[in-house]
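Chemist: I'd like to go over a predicted model; first the sequence, then the structure.
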Amino acid sequence: MPVLAIYPADPAPELAQLLDLSGFIWKGVSQPVDVDNLEPDEGWGGAIVQLGADGELGWGMLRALRKRDLPISPLLLIIRGSELQELELRDDLFDDFCLDPFHPRELEARIKHMLALRTQSVTGERIEYGPLLLDLETYEASVDSRPLDLTFMEYELLRFLATSPGRVFTREVLLSRVWGYEYYGGARTVDVHIRRLRAKLGEEYASLIQTVRSVGYRLGEGRRR
C-alpha cells in the first residue's frame, strides 16, 4: 500500500485513529522540507492536509506538496465549513476536500477510492469526443492536440463525463460515481472541479462541459439535438 503524507505530523486523534484502524500507511510531515527528506523510496502515494488554527501553515504545506517537480496526487484537504471561502483561487492545490468535523466512514471511503483509482490500469484504450482526447492507459488528456495539465480528480471527472456524452448527471451521481462515496451534501466539490476543468479547456472549448440548470452537468450537446 502506498505511503500517505499527513499534515500536521501529529494529526488530530480522530484522524490518526481512522488511518490506523483502516490500515493506511502514513508518515507525518511538519514542514515543507519534510516532504523531500521523509519521502519513501517509492514516492508518496498521496497526501492529506488538515487545516488547523494557523491556516497559512496548512496552505504552505499544500503548496509544498503540489508545486514540487513531481506533484503529489491525490491530495485531500480537510477544512472547516467556516473556512470554505479560502478555497477560492486555490483550486489547483488539492484534488478533493472534506468538511471538518468529518464523518469517519465518508473520509475512509474517499481515501480508499482515490487510491484505488490511482493504481487501476486500463490498457490500450482511449476516449475521443470532438477535439477532446483521453488516453486511459497513460491518464493523459488533450483538446485540439493541446495537452491538458489535469489533477487526478479532474481527469477522473472528465473521463466519467466523456464515457456518456450528452447524458446529464446530477451532482449527487457524480459524487457517488467519480469520488465513490455516499452523498453528504458536498455538491460544491463537483462545482469546483467543473470550474477548474472549464478553465483548463480554455475559452474556446469550455462549453464542452454544459450546465443543465437545476439538474447537473453533461459533456457535449443533449442527445436529442
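Modeler: Yes, it's here. It should be emphasised that the depicted structure is a prediction, and the values quoted were computed from it without experimental measurement.
Chemist: For residue 145, give me its contacts.
Modeler: Counting by CB atoms under 8 Å, 6 or more residues apart in numbering, residue 145 touches no other residue. Any C-beta I mention is one placed from the backbone N, CA and C, and that applies to glycine too.
Chemist: which phi and psi does it have?
Modeler: phi 70, psi 10 (degrees, to the nearest 10).
Chemist: Once you drop chain neighbours, what's closest to the residue nearest in space to the middle of the chain?
Modeler: When CA atoms, centre = their mean is applied to the chain, the residue found nearest the centroid is residue 95 (2.4 Å). The shortest distance from residue 95 to any non-neighbouring residue, by CB to CB, 6 or more residues apart in numbering, is to residue 153 (4.0 Å).
Chemist: In terms of secondary structure, what does the helix or strand of the chain with the lowest mean pLDDT contact?
Modeler: Lowest by mean pLDDT, DSSP states H and E among the helices and strands of the chain is helix 104-119, with a mean of 81. Counting contacts by 3 or more CB pairs under 8 Å, 6 or more residues apart in numbering; DSSP states H and E, helix 104-119 packs against helix 13-21, strand 44-50, strand 75-80, strand 96-100, helix 152-163.
Chemist: So the residue nearest to residue 95 is in contact with residue 96, correct?
Modeler: Yes. Using CB atoms under 8 Å, residue 153 is in contact with residue 96, at 5.5 Å.
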